[in-house]
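structure for the following, please:
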Amino acid sequence: MIHTGTMAALVGTLMTTARLLGAQSFPGVGEVERLDPALASLIAPGAKIEKLADGFDWAEGPAWRKRGGYLLFSDAPRNTIYKWKEGQGISVFLRPAGFTTPNPPGRELGSNGLAFDAHDTLVMADHGNRQIARLNEGQYTKTTLAARHEGKRFNSPNDLAIRSNGDIYFTDPPFGLEGLNNDPAKEIPYSGVYRLKPSGEVTLLTRELAFPNGIAFSPDEKTLYVSNTEANRAVWMAYDVRADGTIAQGRVLFDASALARAGRKGLPDGLRVDTKGNLFAAGPGGILVISPAGKHLGTIITGQPTANCAFGDDGSTLYMAANNSLMRIKLTTKGVGF
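Numbering: from 1, shown residues only. All right, here's what the predicted structure looks like:
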């Protein structure tokens, strides 16, 4: 267990570095690029992107908490998890959210991807501490769930998806290490995708991607999607999930390399899936909407490199972590779990 006595109060402390833009009325930004008529059944014509707050270093890993009705998201460079709630705006939920001792070894000290398990407990890709951890909110402590594979420290766990049986699937690129793949602190010579069982057993699922990042399941949990944050191979992979929870038959679902080469801001990053199986995936241009068959239906163009997204409210609002900003857009579809 990691004791974090210097953590800020979990709620209530107003953020001083991000600008609250209002409780009810928010400025519009960006646009929705429509490439296929099918997008109209997911995002209504005229839907607007709203900017809720800005001033962050790099907003990441949003997760919606149904109990209490609020959004949490990370800012790894500032070692902070922020909370956003309608009518209240931004406050600090947890600081430090990751590394807690002097002389930090990396460039991104805080948490990254966030998720709530079946018990409404916050589980995090504890990027700065190079582990998967569970937050014990009442005691201001964290429990390490996994920090090593075959005796070697993870690189910097980036994002996670919790399966209905409690297994945690997560990605482990080197983005939190100062020297990335050349960092002397790097112990595992590849970037992996792993499964963590509730028993603590860790299994390497694949090491084929240079920079695995976002991760999510299809609604029936028979397909695992993983993004690869690489300019020359800007792809989302789809893997069949076997009965034993391992994966097979990896295939490219969508290749956005041409969009990246064309100068669109961002690379494949975090993603979420709606109840119809469509992917809402951060990538070149903003949030790409990709059908289960791999067709690019359109893009929610944020105007910023975009890191991740999460469904919230009743499941039909998409919250987006885009560079230094938090945004949202109303949908006509709902995310898995709502």
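
CA only for contacts and neighbour counts going forward, please
Noted.

what's the burial count for the residue lying closest to V29 once chain neighbours are set aside?
Excluding the flanking residues, the one nearest V29 by Cα to Cα, 6 or more residues apart in numbering is I49, at 5.6 Å. Using other Cα atoms under 10 Å as the criterion, I49 is surrounded by 23 other residues.

what bridges to I49?
V29, I329 (DSSP bridges).

quick check: bridge partners of the residue lying closest to L209 once chain neighbours are set aside?
Using Cα to Cα, 6+ apart and skipping the chain neighbours, the partner closest in space to L209 is N228 (6.4 Å). As for beta bridges, N228 partners with P212, V235 under DSSP bridges.

check T171 too.
Residues in beta-bridge contact with T171 (DSSP bridges): V193.

what about it, how many neighbours?
By the other Cα under 10 Å criterion, the neighbourhood of T171 contains 31 residues.

quick one: the helices in the stretch 201-338 of the chain?
257-261 (DSSP state H, counting those that start in this stretch).

what about the strands in it?
Under the criterion DSSP state E, counting those that start in this stretch, the stretch 201-338 of the chain contains strands at 202-206, 212-217, 223-228, 235-241, 247-255, 271-273, 279-283, 286-290, 296-301, 306-312, 317-322, 325-330.

CSV for the ones you listed, including mean neighbour count and distance to S191?
Formatted as CSV, those follow (neighbours: other Cα atoms under 10 Å; distance: least, Cα to Cα, whole Å):
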stretch, mean neighbour count, distance to S191
strand 202-206, 18, 9
strand 212-217, 28, 7
strand 223-228, 26, 11
strand 235-241, 22, 15
strand 247-255, 16, 16
strand 271-273, 26, 19
strand 279-283, 29, 20
strand 286-290, 27, 24
strand 296-301, 22, 27
strand 306-312, 28, 19
strand 317-322, 26, 24
strand 325-330, 22, 28
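
wait, which of those is closest to G28?
Smallest distance to G28 across the strands of the stretch 201-338 of the chain (Cα to Cα): 9.3 Å, for strand 325-330.

ok, residues contacting that closest one?
With Cα atoms under 8 Å, 6 or more residues apart in numbering as the test, strand 325-330 has contacts from 43, 47-56, 58-59, 316-321.

would you state the secondary structure element containing the residue nearest to V92 when sequence neighbours are not counted?
Nearest non-adjacent residue to V92, counting by Cα to Cα, 6+ apart: Y82, 4.7 Å away. Using DSSP states H and E, the secondary-structure element containing Y82 is strand 80-85.
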